[in-house]
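Provided below are the primary sequence and the corresponding predicted coordinates.
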Amino acid sequence: MATQFHHKSIRVNAWLANLLSIPKQLLFIRQGWWTIKRLLPVLFAISFATVLLLENLTPATAQLSQLPSQEIRGVWLTNNDFDILKHRAKVQDTITQLRRLNFNTIYPVVWNDGYAKYPSAITQQMGIPFFFKGAEGQDVIADIITQARRQGVLAIPWFEFGFMAPLTSELASQHPNWLTQKRDGSQTSISAAGEVAWLNPFHPEVQKFITDLVVEIITRYNADGIQFDDHMSLPVDFGYDKYTVNLYTQETGNPPPTNPQAQAWIKWRADKITAFMMRLNQAVKTIKPNAIFSVSPNYYDFAYKLQLQDWLNWVRLGIVDELVMQVYRNDLESFASKLTLPEIIETQQLIPTAIGIMAGLRNRPVSMQQIQSQVRAAQQRGLGVTFFYYESLWDYAPEPLAQRQNGFLTLFPNLALRDTSQFTARKPSFDSISVPLFTKGSVGQRVRGYFLELAVAGGQPRRVLMDTGSAGLRVPKEFLGNAPIRSTGEIIKEELSDGTLLEGELVYATVQFGLISTEEPVPVLAVTSRQCIAQKPNCSAKSGAPFSGIIGVNYSERSLPYNPLRKLPGNLSNGFIVTGNGGSSSNGSLILGLTAKNREGFKLASLSQQPAINGIPGNRWDSKLNGVCLTISGSSMKNSCNGKMIVDTGASSGLAQFKSASLMGKLKPGKLRPENVVKLAIPNIFNYSLVPGNRDGFNLWNINISPRAEHPVVMNSGIAFFDKYDVLFDPTNGQQGFRDRS
């Protein structure tokens, strides 16, 4: 409580200080004593309100925090501002001036040119010199943050250069293996900072170095946050270094495309940077949960396609707390066109969002008229602003100092407080995402299947067979990573349909699909042994081939483990759509999260609800569709519509199971021949046919007799069904949907 009270009292003191500065502001704008006399009744009312505020601090501060106080009014403090920043008195004057003009955020640079701008133990251990020392020997960054905190201004250290560093820097010279390159072997590009090299964002040593610096900053200064700009990225032409080429080849089975702008190659690199940013966010939030994780990129289309910086995905993943999009344009129409982009509209619904505005350069001043028109354009759309950079606000300006500062006061006439308590962990905001379904698994290949890439307990991503006909995740124990795992000690034996008996311990661990993790640990069968049951000695375990794992995504659980998709965050847990690959070698896709848009075109069939089972969240549904019509040419099975059917990606061939031989007519158990064309239908839902054969194994169709069967006729459509139909699974309403792709 004491800490909370202190935090609030600082903001109230800053608010009072601003009120007391009003007479100075009035003098500054030269309105004259007669103006002050006219405002005396207003000042009296303010004083009276102040007394009430001090009499009842808690309700008043609570009321203030409910005001629209998250508008960003910021400025970057750059290397160009060092003549000011190195003097304590000038720093104090700077922050006081910004505070008086109702700015609320500063971004002091802490990393650029390959050098730390603070006395970093990490870079000192590497022998990298430190130049950014104050005139009195003080830590400049510590001084800025301390003085900003005293005056109620947020100080968010700015990690300017990101992965960029001069080729001549000690960092680049000492670690040439940390650098990436273009396809022609060149290592530099031309930027606003001149010719620069790029650290390889995919290299674990580079990632550790950047993470260590960021953690050091947050820990050393208890800073309000950390900001990364457009250089926390990689130009699209880079990534052809030996390490990255080997990594891409290992993960995809092919070398990188020669065209650096190939879509899959862009996405792979962008996703790797996104994954690193997720880990970096976790490292920051572990130390300070309410630290502001800020990014200041270029507009999205440019950032993603040319810089591999998928910042919209970062926002949707919940790892960005604040966005400042750089829009350095002189033309107002061109500037304003970037403020209404869909990604900006989406982002400002989720987090504080601002526009980076050029206030001028030493050799290119910007008029106050241009600044005001751009700020007002942003304000009209509910956006904040941040200026590049401090000295250009009024020291390198075409207007006199007083006129310039008065112009900013006109733009920001009132105080806009910022409250860091809101910057806690956010859930991903995706309504829906699509992840690939691969045609081959990581181990234990089979003729046909859809494999979903996932990581269990922070382990290496593995491609596991996706099975829509069963529920629960079963993987070899060695697939588990080093993240926390809760053991239950419960040993489970599970028999697969082919007679393979799996045995292992039931554990709880987080599961990550691409960039999305389950919200909490889910039950996983950590398999330690496989063998064939006596009745089926030729099961898949007989050959001794490695086990690729199975993820059952049905909602018909009979016991633990349950379908892990139930524990995806937000809307992603409300169902999924499987889109096949049409029998080609291309990937299919798994669309997580049902929306009104992606449900369009599906014809829906209802499932039967099953009783709840302790430990399994949500509703359970019978996985078998009712009233399915079956016709098999050359048999007595003619459009009999009393069958049940499972839609199953886990079965590489189709199956019809009959309770008695009389139902089969003249057919004999075993594989059907091409003349025994199979037709499956639910009137007005789907109408599917298949000519039995052995094309790559996918169009096999088997029949058998099982007197112990629960129903007269049960069919498993097999994986070939997904070549023709997209299939939707809705666990909320108990429905399966079918959309014909032919």
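Thanks, I have it.

quick one, phi/psi of R99?
When quoted as degrees, to the nearest 10, the phi and psi of R99 stand at phi -60, psi -40.

and the nearest residue to Q326 once chain neighbours are set aside, what is it in contact with?
Once flanking residues are discounted, Q326 sits nearest to G356: 3.8 Å by CB to CB, 6 or more residues apart in numbering. Placement of C-beta: from N, CA and C, glycine included. Contacts for G356 were tallied using CB atoms under 8 Å, 6 or more residues apart in numbering; they are 296, 324-328, 385-388.

so G356 is in which element?
strand 353-358 (DSSP states H and E).

and the next helix or strand past that strand?
strand 360-361.

ok, and for the stretch of helix or strand I95 belongs to, which residues are buried?
Per DSSP H and E: I95 is located in helix 88-100. For helix 88-100, burial by neighbour count (16 or more other CB atoms under 10 Å) applies to 88, 91, 94-96, 98-100.

equivalent analysis for stretch 659-671, please.
Under 16+ other CB under 10 Å, the buried positions of stretch 659-671 are 659, 663-664, 667.

ditto for stretch 300-317
So for stretch 300-317, counting by 16+ other CB under 10 Å, buried means 300, 303-304, 306-317.

can you tell me which of these end up in strands?
Counting by DSSP state E, no part of those is found in strands.

center of this structure, which residue is that?
For the chain, L317 is the residue whose C-alpha lies nearest the centre (CA atoms, centre = their mean; 2.7 Å).

isn't it right up against M278?
Yes: applying CB atoms under 8 Å, one finds L317 in contact with M278, separated by 6.5 Å.

find residues that contact each of the two.
Contacts common to L317 and M278, judged by CB under 8 Å, 6+ apart, are L515.

so who does the nearest residue to A612 once chain neighbours are set aside touch?
Excluding the flanking residues, the one nearest A612 by CB to CB, 6+ apart is R620, at 6.6 Å. Applying CB under 8 Å, 6+ apart to R620 gives the contacts 555-557, 609-613.

flag the shaky bits of the protein, pLDDT-wise.
For the chain, the stretches with pLDDT under 70 are 1-69, 445, 447, 695-697.

try 80 this time
Scanning the chain for pLDDT under 80 picks out 1-69, 444-447, 543, 582-585, 639, 665, 694-698.

got the domain ranges for it?
1-66, 72-422, 433-581, 621-740 (automatic domain parsing).

could I get these as TSV with distance to G593?
Listed next are the domains of the chain as TSV, based on distance: least, CB to CB, whole Å:
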stretch	distance to G593
domain 1-66	32
domain 72-422	11
domain 433-581	4
domain 621-740	11
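
list phi and psi for L332.
phi -60, psi -40.

my read: it touches V375, true?
No: applying CB under 8 Å, one finds L332 not in contact with V375, separated by 11.2 Å.

that older thread, could you check how far the residue nearest to A612 is from V196?
Note on R620: its distance to V196, by CB to CB, to the nearest Å, is 57 Å.

what does D184 give?
In terms of CB to CB, D184 sits 17 Å off from V196.

just the closest of the buried residues of helix 88-100 to I719, please.
L98 (63.3 Å; CB to CB).

which ones are touching the closest one?
L98 neighbours (CB under 8 Å, 6+ apart): 75, 106, 153.

look up the residues forming beta bridges with the second one.
Taking DSSP bridges, one obtains V75, A155 as the residues bridged to I106.

what number of residues lie near it?
26 (other CB atoms under 10 Å).

ok, the first one next?
The number of residues packed near V75 is 25, by other CB under 10 Å.

in stretch 439-451, what counts as buried?
Buried, per 16+ other CB under 10 Å, within stretch 439-451: 439, 441-444, 448-451.

measure the nearest residue to T96 once chain neighbours are set aside to F302 for me?
Spatially, and ignoring its direct neighbours in sequence, T96 is nearest to Q151 (6.6 Å; CB to CB, 6+ apart). Note on Q151: its distance to F302, by CB to CB, is 36 Å.

can you show me the strands along the stretch 601-742 of the chain?
Remark: strands assigned in the stretch 601-742 of the chain by DSSP state E, counting those that start in this stretch are 603-606, 609-610, 620-621, 625-632, 640-646, 654-658, 670-671, 678-682, 686-690, 701-705, 713-716, 725-730, 735-740.

out of the ones you listed, flag the one nearest A416.
So among the strands of the stretch 601-742 of the chain, strand 725-730 is nearest, using CB to CB, at 44.4 Å.

packing partners of that closest one?
Taking 3 or more CB pairs under 8 Å, 6 or more residues apart in numbering; DSSP states H and E as contact, the helices and strands that strand 725-730 lies on are strand 576-579, strand 735-740.

winner for burial among the ones you listed?
Among these, strand 576-579 has the highest mean neighbour count (mean count of other CB atoms under 10 Å), at a mean of 22.

alpha carbons of the helix or strand that that one is followed by, as CSV, please.
Beyond strand 576-579 on the C-terminal side, the first helix or strand identified by DSSP H and E is strand 588-592. Taking C-alpha atoms only, strand 588-592 is exported to CSV below (Å, rounded to 0.1, in the frame of the first residue of the first chain):
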residue,chain,number,x,y,z
GLY,A,588,-2.8,-27.7,-45.7
SER,A,589,-3.9,-25.3,-42.9
LEU,A,590,-5.5,-25.3,-39.5
ILE,A,591,-7.5,-22.2,-38.9
LEU,A,592,-7.8,-21.6,-35.1
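
which strands border strand 588-592, and is each parallel or antiparallel?
Going by DSSP bridges, the partners of strand 588-592 are strand 433-438 (antiparallel), strand 576-579 (antiparallel).

would you turn the contacts of L98 into JSON lines with distance to D498?
Shown next, in JSON lines, are the contacts of L98 (distance: CB to CB, whole Å):
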{"residue": "V75", "distance to D498": "66"}
{"residue": "I106", "distance to D498": "65"}
{"residue": "V153", "distance to D498": "67"}
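
of all the residues you listed, which comes closest to E205?
Nearest to E205 among the contacts of L98, with distances taken as CB to CB, is I106, at 32.0 Å.

for the closest one, which residues are in contact?
74-77, 95, 98, 144, 148, 153-156, 390.

mind picking the two most distant members of those?
L154 and Y390 (15.0 Å).

from E399, how far out is G74?
From G74 to E399 the distance is 21 Å (CB to CB).

the two: which has the busier surroundings?
G74 (26 against 15).

before we move on, what SS does V206 have?
Three-state call for V206 (DSSP: H, G, I helix; E, B strand; the rest coil): helix.

over to the one 3 residues further on?
In terms of secondary structure, F209 is helix; the call rests on three-state DSSP.

ok, it touching Q125?
No: F209 lies out of contact with Q125 (CB under 8 Å); the separation is 11.1 Å.

looking at these two, which one has more neighbours?
Shown here are F209 and Q125; by other CB under 10 Å, F209 has more neighbours (18 against 8).

residue contacts, that one?
Residues 122, 178, 199 are the ones in contact with F209 under the rule CB under 8 Å, 6+ apart.

distance of the last one relative to N177?
If I follow you right, that is L199. Counting by CB to CB, the gap from L199 to N177 is 11 Å.
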